[in-house]
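1. Okay, sequence plus prediction incoming.
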Amino acid sequence: MQLHLSSASVRIFNVTDLFKIENPKCLINESFAFQVFVDSPLKGEYPIKVESNFNVSVYEVINKKGNYFLKNKRDDFYVKSEDETYPELLLPTTTLKCNGNENKTLFFDILDLTKNVGENKITVFVGDNKVEFTLNIMNAQLPETDIKITHWFHLDAICNYYNVEPFSPEFYKHFENFLKAYTRMGNNMLLIPMFTPPLDTEVGGERLTTQLVKVEKVNDSYIFDFSE
């Protein structure tokens, strides 16, 4: 088994996808993430241990199979488009289970850097194997910015996955958890469709209605409710 350190900004399918981390630095109000690619693990279950000055969250990167793949019509900005599994889900873990015929990727997330200004050695153990590097925390902070960092947020995905009604108390419990993770990753604006978009809807199918504006037709007039 070999451990390879990589940036968190790439999807790792095999050892050729690694993006080397060189002299990483962070400001005290940033977060820092990295990955470890486990090459050719033998069959077994291996404990994962991190030695550092930080509280580090550990995840296994789980490959998931998609439902739709582009065969011919696509631009040059896709990482891959073949019909196979893709690194997608981050599953919290303390051990790594291997069946002996697949490579694995671990994702590590460090959130609180404020108490450890200077050079900090980080060592990751998977079983008896280890990889290490030094993270330099600069004694400075990122200033407040008016740059909007945003993504689309489709409420129907939460409702379909957790089987909850839109805008119900159960829905808002899950919504709050997603918002916490969203802002923790540096996003500060949310794009939510006011009307249920026709995009990404199967021809002849129907997308769950989760629009923020309620519309009612009464004879030849329309009534709009903006309470959501």
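-> Cool, the structure landed. Residues are numbered from 1 along each chain as shown.

2. What sits closest to the most centrally placed residue in the chain if chain neighbours are left out?
-> The centroid of the chain falls nearest to L90 when counting by C-alpha atoms, centre = their mean (6.9 Å). In space, and not counting its chain neighbours, L90 is closest to Y59: 3.9 Å by C-beta to C-beta, 6 or more residues apart in numbering. Placement of C-beta: from N, CA and C, glycine included.

3. wait, isn't the one you found in contact with T93?
-> Yes. Look at Y59 against T93 with C-beta atoms under 8 Å: they come within range, at 6.5 Å.

4. Make sure L70 is indeed in a helix.
-> No. Per DSSP: H, G, I helix; E, B strand; the rest coil, L70 lies outside any helix segment and is coil.

5. That one: neighbouring residues, count only.
-> By other C-beta atoms under 10 Å, the residues close to L70 number 12.

6. Now do it against Q35, distance only.
-> 26 Å (C-beta to C-beta, to the nearest Å).

7. again with E228
-> 39 Å.

8. ok, those two, which is more surrounded?
-> Q35 (24 against 13).

9. Please look at that one and F108 and confirm they touch.
-> Yes. Q35 lies in contact with F108 (C-beta under 8 Å); the separation is 7.1 Å.

10. so what sits against both of those two?
-> Contact with both Q35 and F108 is made by residues A8, according to C-beta atoms under 8 Å, 6 or more residues apart in numbering.

11. thinking again about what came up before, so which other helices or strands are in contact with the one helix or strand the residue nearest to L90 maps to?
-> Element membership for Y59 (DSSP states H and E) is strand 56-65. Using 3 or more C-beta pairs under 8 Å, 6 or more residues apart in numbering; DSSP states H and E, the elements in contact with strand 56-65 are strand 44-51, strand 85-92, strand 104-110.

12. mind redoing it with 10 Å?
-> On a contact count with 3 or more C-beta pairs under 10 Å, 6 or more residues apart in numbering; DSSP states H and E, strand 56-65 meets strand 32-39, strand 44-51, strand 85-92, strand 95-98, strand 104-110, strand 118-126.

13. Name the single longest helix found in this protein.
-> If you go by DSSP state H, the chain has its longest helix at helix 169-184.

14. other SSEs contacting that helix?
-> Packed next to helix 169-184, using 3+ C-beta pairs under 10 Å, 6+ apart, are helix 155-162, strand 189-191.

15. hmm, who's touching the strand holding Y59?
-> 11-13, 32-38, 48-50, 83-97, 102, 104-111, 122, 124 (C-beta atoms under 10 Å, 6 or more residues apart in numbering).

16. ok, that strand: who's next to it in the sheet?
-> strand 85-92 (antiparallel), strand 104-110 (antiparallel) (DSSP bridges).

17. any idea of the mean pLDDT for the shortest one?
-> Throughout strand 104-110, pLDDT has a mean value of 95.

18. Run the angle between that strand and strand 32-39 for me.
-> Interaxial angle, strand 104-110 versus strand 32-39 (axes from the mean of the first three to the mean of the last three C-alpha atoms, to 10 degrees): 160 degrees.
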